[in-house]
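**Student:** With the input below, show me the fold.
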Amino acid sequence: MISALEALECLREGNRRFVAGEQLHGVLTSEARRSELLEGQEPFAIILGCSDSRVPAELVFDQGLGDLFVIRVAGNIVAPSQIGSVEFAAEQFATRLVVVLGHSMCGAVAAALQELTHPSRPRSQNLGSILDRIRPAVAPLVDPDLQLSPEALMKHAVRGNTRAAANHLRHGSRLLEQLIQDDGLLVVAAEYSLETGEVVFFDGLPDAVA
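**Tutor:** Down below sits the predicted model:
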């Protein structure tokens, strides 16, 4: 299995192809590739991303079958099931890169901000559990003294929520903490731009590749 930094470069290169419209297309999902994967999988990166239909990780990073272990949930939140899924892939497949992938104009983040600034009717318990995990990361931004424009507030909230989720993975699991300390696991935060298609990695990067 490749190292975390090698995996990161693969994702960056794939996203450059995606933005440029130079995707590898059929080779990534060919019959030959499907046959190879009957023997098992070795995903080189774990992606915890939002369920938004506009942000499919395999397309955004121009990767194919068997390349990415993808976990998707509204607001790219971290709950026990997401931590367990990351632990499973990191331990089972020796995958050494975890990317928490947020995105611009995230509806779940917008809903959490709406609840803070203009509380409305009660949400369902299940939806409320998602917003409850986003709220602590964005609540400090809802401060009149900061005088943020709606656009700036949303941008800071998306990044704050994504950064908090990555930090939760780093420190919310003994297994992941041990892999980070002893075995080269890297957990980073990134943001996908709906406007440009570009992914920017902004948190958790080693100084040499930041």
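**Student:** count of neighbours near Ser35?
**Tutor:** Residues lying near Ser35 (other CB atoms under 10 Å) number 9. To be clear about C-beta, it is placed using only N, CA and C from the backbone, and glycine gets the same treatment.
**Student:** distance of it from Leu65?
**Tutor:** From Ser35 across to Leu65, the span is 10 Å (CB to CB, to the nearest Å).
**Student:** What of Leu194?
**Tutor:** Taking CB to CB, one finds Leu194 at 25 Å from Leu65.
**Student:** How about the contacts made by the nearest residue to Gly160 once chain neighbours are set aside?
**Tutor:** Leaving aside its sequence neighbours, Gly160 sits nearest to Ala137 (CB to CB, 6 or more residues apart in numbering; 4.6 Å). For Ala137, the contacting residues are 157, 160-161, 163-165, by CB atoms under 8 Å, 6 or more residues apart in numbering.
**Student:** Go through those and name the one nearest His25.
**Tutor:** The closest of these to His25 turns out to be Ala165 (CB to CB; 31.4 Å).
**Student:** Double-check that the closest one belongs to a strand.
**Tutor:** No: using DSSP: H, G, I helix; E, B strand; the rest coil, the assignment for Ala165 is helix, not a strand.
**Student:** check contacts around it.
**Tutor:** Residues in contact with Ala165 (CB under 8 Å, 6+ apart) are 48, 76-78, 100, 102, 137, 189.
**Student:** Which of the residues you listed fall within helices?
**Tutor:** Here DSSP state H is the test, and those give Ala137 as lying in helices.
**Student:** biggest separation within the contacts of Ala165, which pair?
**Tutor:** The most widely separated members of these are Leu48 and Ala137, with 14.6 Å between them, by CB to CB.
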